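**Q** sequence and predicted model, in that order:
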Amino acid sequence: MRRLFVAGNWKMNTNLASGKELAKAVAAEATRLGDVIDVAVCPPFPYLASVKTELQGSKVKLGAQNVWFAAPGAFTGETAVEMLTDVGCSWVILGHSERRQILGEKDELINKKIAAATSEDLGVIFCIGELLEDRQAARTEAVLETQLAGGLANLDAAVMGQIVIAYEPVWAIGTGVTASPEQAEGAHAFIRGWLTKQYGAKVADGVRILYGGSVKADNAEILLSQPNVDGALVGGASLTAAQFGPILQAAAKCAAAG
Ligand code: 13P
């Protein structure tokens, strides 16, 4: 069985004090649950190093929300892969729909970023997902296929161990509307099928596919019980320990149930 992975995407939220406090509470809860699931928090850039300090002594990993693909140099405002690993990041979120929609990131740029991260020791949470209009027009699988093929272009099987896919239907992000367990499982099974065609069953079986989009304490367990749902990428509900804690507990319960 793939080890469940729950990551909190804090997006552009918290401040230094509240971020440190939240990290400390997540670390305490993860430690209390024991080493049964993987947990990560992804704070805004200015707080990465301080949050890392709060996570010390726990198994909670640190993730960033973006990276640039080039080596350090003249790129005003950007952050290189080795800077993220230098401050203790294990993960970076790439391909998020907010960056695709608001900042216009295309598959080709996302692919360069994924290649740069995986050429160093940085894991990638690679987000894909369809718009509501795509789902309504029965284009979900075509969109997922295009995003997978574009984002993972020229990446061979050897780096797939460093990549986690996050299926985040755009219509479910921050809306309170969650994909049904059947919709999530259907999309995840499609993604695994695509990975199987591309990389073979052995590699595809090892890749974790997280679900993201209005994951809350009361829907986490049913979503995480689906055979191809290997964790969650949580936005809004990752911003308080009171909401994120029960999601971690649900994951630990699913892990124990096997
Ligand atoms: P919400 O959990 O707030 O819907 O956000 C999901 C998300 O975008 C995680 O990356």
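**A** Here it is on my side, so go on. From a predicted model like this one, the values you see are computed outputs, not experimental measurements. Residues are numbered from 1 along each chain as shown.
**Q** can I get stretch 191-202 in CSV, CA atoms only?
**A** In CSV, the C-alpha atoms belonging to stretch 191-202 read as follows (Å, rounded to 0.1, in the frame of the first residue of the first chain):
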residue,chain,number,x,y,z
ILE,A,191,-4.3,9.4,-13.9
ARG,A,192,-2.8,6.1,-12.8
GLY,A,193,-3.8,4.5,-16.1
TRP,A,194,-2.0,7.3,-17.9
LEU,A,195,1.1,6.8,-15.7
THR,A,196,0.9,3.0,-16.4
LYS,A,197,0.9,3.6,-20.2
GLN,A,198,3.8,6.1,-19.9
TYR,A,199,6.0,4.4,-17.3
GLY,A,200,4.8,0.9,-16.7
ALA,A,201,2.7,-0.6,-13.9
LYS,A,202,5.5,-0.9,-11.4
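**Q** mind listing what's buried in it?
**A** 191-192, 194-195, 198-199 (16 or more other Cβ atoms under 10 Å). Glycine gets a C-beta too; all of them are placed from N, C-alpha and C.
**Q** residues in contact with stretch 124-143: which ones?
**A** By Cβ atoms under 8 Å, 6 or more residues apart in numbering, the residues outside stretch 124-143 that reach it are 7, 42, 63, 91-97, 110, 114, 117-118, 144, 147-148, 151-152, 162-171, 173, 187, 190-191, 210, 212-213, 233.
**Q** against A115, how distant is the residue of the chain found nearest the ligand?
**A** Nearest to the ligand in the chain, going by Cβ to the nearest ligand atom, is G235, at a distance of 2.3 Å. Counting by Cβ to Cβ, to the nearest Å, the separation of G235 from A115 is 26 Å.
**Q** neighbour count winner among those two?
**A** Between G235 and A115, G235 has the larger neighbour count (other Cβ atoms under 10 Å), namely 21 against 17.
**Q** just checking, that one touches G174?
**A** Yes - when contacts are counted by Cβ atoms under 8 Å, G235 is listed as touching G174 (6.2 Å).
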